[in-house]
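> Provided below for reference: sequence and predicted model.
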Amino acid sequence: MRLVVVGPAGRMGCMLTRAIPDTLGVRLVAAVEREGSPAIGADSGAAFGQAPNGVPVTSDIESALSQADAVIDFSAPAATVAVAKACAKKRVAHVIGTTGLAPEELATIAEAARETVVVRSGNMSLGVNLLAVLVEKAAKALGPGWDAEIVEMHHKMKVDAPSGTALLLGEAVAKGRGIDLAEHSARGRDGLTGPRKAGDIGFAALRGGSVVGEHTVIFAGMGERIELSHRAEDRGIFARGAIAAALWTREKAPGLYSMADVLGLSGA
Ligand SMILES: NC(=O)C1=CN([C@@H]2O[C@H](COP(=O)(O)OP(=O)(O)OC[C@H]3O[C@@H](n4cnc5c(N)ncnc54)[C@H](OP(=O)(O)O)[C@@H]3O)[C@@H](O)[C@H]2O)C=CC1
Ligand SMILES: O=C(O)C1=N[C@H](C(=O)O)C[C@H](O)C1
């Protein structure tokens, strides 16, 4: 399978260009950075501290797509929306790891998924997607009488909050309770907030240092507490998940899929 990586200069982009040559059945055919990036024209391996791979960095998404079967995209919301439209036009599969997407951007991606296969997930790891299954079951079993709080910590360079994973886990709580997350989420408490609103799903985001990604879902009852956690120790878990998602898109009908679909966890 011929792959394009969007954002090869980034933390995740580097992991991908390193992991692709080690993975059977895939090869890198293009690496796309923004127009004006100083990396344009440089070798997308050598420029970012890896072995040369013979694939120069380009900003030309259209010609990158003309030689590709799938795009793996861990970049930024505006870039991902533009790539989604281009993938839809060329019927190239789009694996989206980018987080921090606004509702209208998610709607554009859903529209693109009418034309091509799109896999989008706030977290591409097996561990987090299994955790989401467990969280949904716990939320269903415990009911809204147990207060759900989601705490995440990431490195100091992360630009969006709550993390995509925290939102994915919040969706799992909401699904377990049979409610809409948007109507029950409490973000960033500060000042005289008053007592906790019954049924809220709370989010707290910590940032610092080089933390790859840590998430805990706390179910707080009266006199007892359950905590379900995941700690990412290496970004390779996200890269390997994204490559597995790209391979999975082969022969799939157009549509918007999740990592749970890829991992066979949907309905688990
Ligand atoms: N779903 C998952 O499992 C995971 C998701 N993520 C998410 O992936 C995204 C990227 O994370 P990370 O690698 O840490 O971030 P980085 O900032 O390190 O990398 C993003 C890269 O994308 C590039 N980029 C931005 N705009 C464009 C564009 N228009 N065209 C091409 N390239 C562009 C950036 O270039 P420039 O510097 O010039 O802007 C940069 O090289 C984030 O949203 C993050 O939350 C991260 C890890 C796992
Ligand atoms: O930006 C990151 O680094 C990460 N982003 C994803 C998120 O927003 O949850 C996944 C992972 O936690 C790392």
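Everything's here; your move. Residues are numbered from 1 along each chain as shown. Ligands and ions are numbered 1, 2, ... in the order given.
> The spatially closest residue to residue 23 that is not a sequence neighbour is in what secondary structure piece?
Spatially, and ignoring its direct neighbours in sequence, residue 23 is nearest to residue 243 (5.3 Å; Cβ to Cβ, 6 or more residues apart in numbering). (C-beta placed from N, C-alpha, C; glycine too.) Assigned by DSSP states H and E, residue 243 belongs to helix 236-248.
> Count residues in the vicinity of the residue nearest to residue 23, would you?
Look at residue 243: counted by other Cβ atoms under 10 Å, it has 23 neighbours.
> thought it was touching residue 72?
Yes - using Cβ atoms under 8 Å, residue 243 makes contact with residue 72 at a distance of 7.0 Å.
> any residues in contact with both of the two?
Common contacts of residue 243 and residue 72 (Cβ atoms under 8 Å, 6 or more residues apart in numbering): 3, 16.
> host element of residue 150?
Assigning secondary structure by DSSP H and E places residue 150 in strand 147-154.
> and that strand with ligand 2, contact?
Yes - applying Cβ under 6 Å from any ligand atom, one finds strand 147-154 touching ligand 2 at residue 154.
> Do a quick rundown of the helices in this protein.
Under the criterion DSSP state H, the chain contains helices at 11-19, 61-65, 77-90, 103-112, 126-142, 164-177, 181-184, 236-248, 259-263.
> Save those helices as a markdown table, and put in mean pLDDT and distance to residue 197 too.
Below are those laid out as a markdown table (pLDDT from 0 to 100; distance: least, Cβ to Cβ, whole Å):
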| stretch | mean pLDDT | distance to residue 197 |
| --- | --- | --- |
| helix 11-19 | 97 | 36 |
| helix 61-65 | 97 | 44 |
| helix 77-90 | 98 | 29 |
| helix 103-112 | 98 | 22 |
| helix 126-142 | 98 | 17 |
| helix 164-177 | 98 | 14 |
| helix 181-184 | 97 | 8 |
| helix 236-248 | 98 | 34 |
| helix 259-263 | 97 | 29 |
